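Q: okay, predicted coordinates and the sequence, questions at the end:
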Amino acid sequence: MGRIDDHDPSVTDEARRWVVRLTSGDMTEREMAHFKAWRLDPACERAFSIEMANWRRLGQLRDGLSGSIVLPSPADVLRRKIRRWTGQGIAVVAAAGVLLWAGPGLLVRAQADHLTGAQLQNVDLPDGSMAVLDAGAAIAVEFSEGSRRVKLLRGRAWFDVSHQPGPAFEVAAAGGIIQDIGTAFEVSRDGDRVETTVSEGRVRVVSPSLESLQLSAGQRATFTDALPPRRGQSLAPQKVANWRTGNIVLEGVDVLCAIRAVARYRTAPTWVWGQFDPQAPITVVLRSDRPDAALDALAAAENLSLLRLPGGAVIVRQAHAF
C-alpha cells in the first residue's frame with residue numbers, strides 16, 4: 001500500500017466510515033480484515049484514532065452526569081456535533097449516539113488480532129515467540145522491521161520469548177511497557193492496572209510515568225496510570241501463570257474473587273447478587289475446562305446458592321440470602 005497524504009480529506013472520510021461500521025455491531029470477518037489492512041498506513045491510523053476519540057468523548061460526557069450539574073443531553077450533544085461535522089461525520093455521530101451505552105468490547109474487537117472467549121488460546125508470534133492467552137484476553141500484534149511489540153488490550157497472557165538479535169521483545173499495556181531481557185513472563189491487565197510476574201530470566205517494567213524497575217524469576221510488580229511500578233509478593237517460578245495447565249488455583253482469596261475467577265471460563269453470564277458476609281480466605285484448585293462443576297464445588301464449600309436461568313446464566317448469592 002502506498003503512503004496516503006496526511007491531509008487528504010478522503011482519509012478522514014474513510015476513517016469515519018470505518019467507525020460507522022465498527023459501531024454498527026455487525027461487521028463481517030472480511031470487512032475486519034480489510035479494516036486492519038487499511039490501518040497499516042500511518043495516515044489512516046492517525047485519522048481513525050481521531051475519529052474514534054470523538055466517539056469515545058460522547059461516552060465520557062454521559063459518564064460526567066452527576067449531582068445537580070446539568071450537562072447537555074445526548075441529543076443536544078449530537079446536534080452540536082452535527083453542526084461541526086459534515087457528510088459522513090453525521091453518520092458517525094448518529095451511530096455513536098445510539099451506542100453510548102454499549103460496552104468497551106467493540107473497541108477491543110476492532111484493535112485485536114487475537115481474542116479469546118471462555119477458552120485458552122496458544123498464539124505463535126512472527127518472531128517465533130509464543131503467547132498463551134487466558135479466557136477473556138485480547139492482544140494486538142504490532143511487529144515491524146524495527147519493533148517486536150504485542151499490545152495487551154485486556155485479560156492476561158503468558159509470553160515465552162524467542163531470543164534473537166535486533167529489537168527487544170515488548171508488551172505494551174495501559175500506557176506502560178514490559179521489556180524482555182531474556183525470559184518468559186506473565187502480564188495481566190485489569191483496566192489501567194497491570195501486573196507482571198516472571199517465570200524465568202528478567203524483564204524491565206516501565207510505567208506510564210517512565211519510572212522503571214527490573215524483575216527476575218518469581219518476582220512481580222504492579223503499576224497503574226497514576227502509580228509507578230511497585231513490587232509485590234514473590235512466588236515460586238513454577239507457579240507463574242499456572243492457569244496455563246487448565247487449573248484455577250485459588251490461594252487465600254475471598255469468595256467474590258473466587259467466583260470471578262471461575263466465571264471467566266463460563267460461556268454464559270455469572271452474576272453476584274447482594275452483600276456477602278466476611279468468610280475465611282479460600283484455597284482450592286479447580287478445573288477451568290469444567291467451570292460449572294467448579295462453581296458447584298465452590299457453592300458447596302462456601303455455603304452459596306446458585307440460581308440457574310435459561311441460557312446458562314447463573315445468579316450467585318449466599319445461601320441465607322435466597
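A: Great, that's in hand. Residues are numbered from 1 along each chain as shown.
Q: the stretch 101-250 of the chain: strands as residue ranges?
A: 114-115, 121-124, 130-133, 138-141, 148-160, 169-173, 176-190, 193-206, 212-216, 220-223, 230-231, 247-253 (DSSP state E, counting those that start in this stretch).
Q: show residues contacting the longest one.
A: Read it as strand 176-190. 152-161, 163, 168-174, 194-208, 214-215, 217, 223, 229, 240-241 (C-beta atoms under 8 Å, 6 or more residues apart in numbering). In this view, the C-beta of every residue, glycine as well, is placed from N, C-alpha and C.
Q: ChimeraX command for the buried members of those?
A: Here is the ChimeraX command that picks out the buried ones among the contacts of strand 176-190, judged by 16 or more other C-beta atoms under 10 Å:
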select :152,153,154,155,156,157,158,159,161,169,170,171,172,173,174,194,195,196,197,198,199,200,201,202,203,204,205,206,207,208,215,217,223,229,240,241
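Q: on that earlier part again, as CSV, the strands of the stretch 101-250 of the chain with distance to residue 37 and mean pLDDT would be great.
A: Below are the strands of the stretch 101-250 of the chain laid out as CSV (distance: least, C-beta to C-beta, whole Å; pLDDT from 0 to 100):
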stretch, distance to residue 37, mean pLDDT
strand 114-115, 17, 93
strand 121-124, 20, 96
strand 130-133, 22, 98
strand 138-141, 14, 96
strand 148-160, 18, 97
strand 169-173, 21, 96
strand 176-190, 26, 94
strand 193-206, 29, 97
strand 212-216, 35, 96
strand 220-223, 33, 98
strand 230-231, 40, 96
strand 247-253, 38, 93
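Q: quick one: residues contacting residue 48.
A: Going by C-beta under 8 Å, 6+ apart, the list of residues near residue 48 reads 15, 18-19, 39.
Q: tell me the domain ranges of this protein?
A: Domains of the chain are assigned by automatic domain parsing as 9-110, 112-236, 246-321.
Q: give me whichever of those domains is most buried.
A: domain 112-236 (a mean of 18; mean count of other C-beta atoms under 10 Å).
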